[in-house]
Every structure is written in structure tokens, then in C-alpha cells.
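Engineer: starting from these lines, generate the structure:
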Amino acid sequence: MLTVEANEVLSNLPPNMPTRNSPVSVKFGRAILQLIGWKLVGEIPNEQRMVVCAAPHTSNWDFFVGLPVILAMDVKASIMMKKEAFIWPLSGLWTWIGFIPVDRKAPRGVVGSIVNEFSEREQLWLAIAPEGTRAKAKKWKTGFLSIAEGANVPIMLLSWDYPSKTIQFGPMMTTSGDRQQDLLDIQAHFRQFEGRRPENTN
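Structural biologist: Model (predicted):
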């Protein structure tokens, strides 16, 4: 059986969450989640649009932990991908998964392009790893803060902790206008969690 914590979170999914409406994926995701034994804690916000700041991102294994959670929740999370990757026959698959094509050479840049996506969509949960790399990052990127501020959407901090095998949803925050201070506060929050490769944690 799923852990008590996982059951509680999955039984209280918010109605405004963007979903795939795929019962088969939900059953598969929950079976895998039960097999790997990870716990889900916290409260998933009832937001139609937000930025999901996920950390600490230190290993490719994060994908194999995160995917069954996404499937178990039936959430349609979106991730940025360079537009050059959207070629036939893969473009349809990337769109189904939730990838958003971005043009790094666009006049308004990546931030402007994604802010525009938020303005055109009724629902959008955009997941971003602020480190920008699985290796040790000397400096976290502030693009996710610029996107949240430009789109006027909240940010959910999503953490995974490998020693306790726990994924935590929340807390929620809004940008203050001082990006550097916001980033320092966010980094301070994530220091209590340990990635698969803690030596890569900033």
C-alpha cells in the first residue's frame, strides 16, 4: 500500500490543477510510487497557473523519482525545451508530455516567451530547476523569478529529500521585487533537503 502521507496528499488533489485525465497513467504511477516507497507531504495548492521551483536537482535519478509522482497525481506539468527539438515525429510526443518550445533568440527572450504562454493559457504549471544543471552550480538562475513576476503567478517550492525518501509540496511564495533576496530565501529553504548527490548541492 502507499504510505499514509502519500495517500493523504493524493486524496486531496485540487480541482484547479491542470490534469491529463488518464486513469491508466494514474494507476501505473501509484503502483510505481508504492514500489519505490517515497512519501508525499504538504499541501498541493489549488492554483490554475504557477511556477514550480524544484530542488535540489543533483542527479538524473530525480526524473525517475518525479515521473511516478506526476503520473500518480495525473498532473500536467510543463517544462521548457528548445524549439529545435520540436521536429516530426517527436513534436507531438513532446507536447503530450508537457514540454513548451522556447526560442532563445526571440526578441523578448525566454522569459518573455514563457510569460506570453502564461497569458494565453487558462492552466499552466511550469516546473523549473533553479540550479540549471545537475552538477554543482556556482550560482542559481533567477529566470524563474522573472517569469513568476512577469506573469503575476505564485511560486510553489517543491523539494525532494533522498535520505528520508520524501517529496514535499510547498511552501508557496510570491515575488517581492527583490530577486536576489528572494533567491537567498529560497536557497535557505532548500538547504534542509538532500539530493541524491549532496556534493553537488550549492
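Engineer: what's the local residue count around residue 116?
Structural biologist: 14 (other C-beta atoms under 10 Å). In this view, the C-beta of every residue, glycine as well, is placed from N, C-alpha and C.
Engineer: pick out the residue nearest the middle of this protein.
Structural biologist: Per C-alpha atoms, centre = their mean, the C-alpha nearest to the average position across the chain is that of residue 127, at 3.0 Å.
Engineer: show me which residues of stretch 181-199 are buried.
Structural biologist: 182, 183, 186, 187, 189, 190, 193, 194, 195, 196, 197 (16 or more other C-beta atoms under 10 Å).
Engineer: can you list these in TSV and add secondary structure, distance to residue 68 and pLDDT?
Structural biologist: Output for these, formatted as TSV (DSSP: H, G, I helix; E, B strand; the rest coil; distance: C-beta to C-beta, whole Å; pLDDT from 0 to 100):
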residue	secondary structure	distance to residue 68	pLDDT
182	helix	31	96
183	helix	30	94
186	helix	25	95
187	helix	27	93
189	helix	24	96
190	helix	22	95
193	coil	19	95
194	coil	20	92
195	coil	18	85
196	coil	16	81
197	coil	20	71
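Engineer: residue 31: which of those is nearest?
Structural biologist: Checking those against residue 31 by C-beta to C-beta gives residue 196 as the nearest, at 22.2 Å.
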